[in-house]
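Enquirer: Mind folding the following:
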Amino acid sequence: MQILMDLVNNHVLLSAFAGWLIAQVLKIIMETVKNGFSAKRLAGGGGMPSTHSATVTGLAVGAALTNGWNSTEFAIAFFLAMIVMYDAMGVRYETGLEARILNRMRQKDLEEGRAPYFDKSLDEKMGHTVPEIITGFLIGIAAACLVCLIIF
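Expert: The predicted structure is shown next:
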């Protein structure tokens, strides 16, 4: 029972969780309004806003507000956040673009009666654009401030 109470009172953990939850709920709402509901979007990556950015920013800002801007915890979370956001904009975003091209090639093969190289379409929503990253970043800051400065 003490472990559960410690988790519930961990402001850094709650900041990261709040960032993730807010961004994920917003992403599902935005996707549903734009394209209709898709169960795949409940856990899928990519899209607006970046849940990855919101989570790691909530973690870093939560660490700073709880332990100080000069703390080891903030330094670790800050660099983790930079790596995650860089990866989401770089490698994962490029992977999504490549998936889009491969899906078009697959569709063309099917239309022309050729057997495609792979059986199903690839997920094109892998990474994030700069606006998606920035929006997630701002959500993470807001979530950490909400948890650390207002709620607790």
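
Enquirer: Determine the number of other residues adjacent to residue 23.
Expert: 28 (other Cβ atoms under 10 Å). All C-beta atoms are positioned from the backbone trio N, CA, C, and that covers glycine.

Enquirer: CA atoms only: put the least confident helix or strand in the chain by mean pLDDT into CSV for me.
Expert: Of all helical and strand segments in the chain, the minimum by mean pLDDT, DSSP states H and E falls on helix 91-111, at a mean of 81. Output in CSV follows, covering the C-alpha atoms of helix 91-111 (Å, rounded to 0.1, in the frame of the first residue of the first chain):
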residue,chain,number,x,y,z
VAL,A,91,14.1,9.1,-37.7
ARG,A,92,10.5,8.3,-36.8
TYR,A,93,9.1,11.1,-39.1
GLU,A,94,11.3,9.9,-42.0
THR,A,95,10.1,6.3,-41.4
GLY,A,96,6.5,7.5,-41.8
LEU,A,97,7.4,9.3,-45.1
GLU,A,98,9.0,6.1,-46.4
ALA,A,99,6.0,4.1,-45.3
ARG,A,100,3.8,6.4,-47.4
ILE,A,101,5.9,5.9,-50.5
LEU,A,102,6.0,2.1,-50.0
ASN,A,103,2.2,2.0,-49.5
ARG,A,104,1.8,3.9,-52.8
MET,A,105,4.1,1.4,-54.6
ARG,A,106,2.1,-1.4,-53.0
GLN,A,107,-1.2,0.1,-54.2
LYS,A,108,0.2,0.6,-57.7
ASP,A,109,1.3,-3.1,-57.8
LEU,A,110,-2.2,-4.2,-56.7
GLU,A,111,-3.9,-2.0,-59.3
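
Enquirer: for that helix, which positions count as buried?
Expert: 92, 93, 95, 96, 99, 102, 103, 106 (16 or more other Cβ atoms under 10 Å).

Enquirer: Can you lay out the residues you listed as JSON lines showing distance to residue 6?
Expert: Putting these into JSON lines (distance: Cβ to Cβ, whole Å) gives the following:
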{"residue": "92", "distance to residue 6": "33"}
{"residue": "93", "distance to residue 6": "37"}
{"residue": "95", "distance to residue 6": "38"}
{"residue": "96", "distance to residue 6": "38"}
{"residue": "99", "distance to residue 6": "41"}
{"residue": "102", "distance to residue 6": "46"}
{"residue": "103", "distance to residue 6": "46"}
{"residue": "106", "distance to residue 6": "49"}
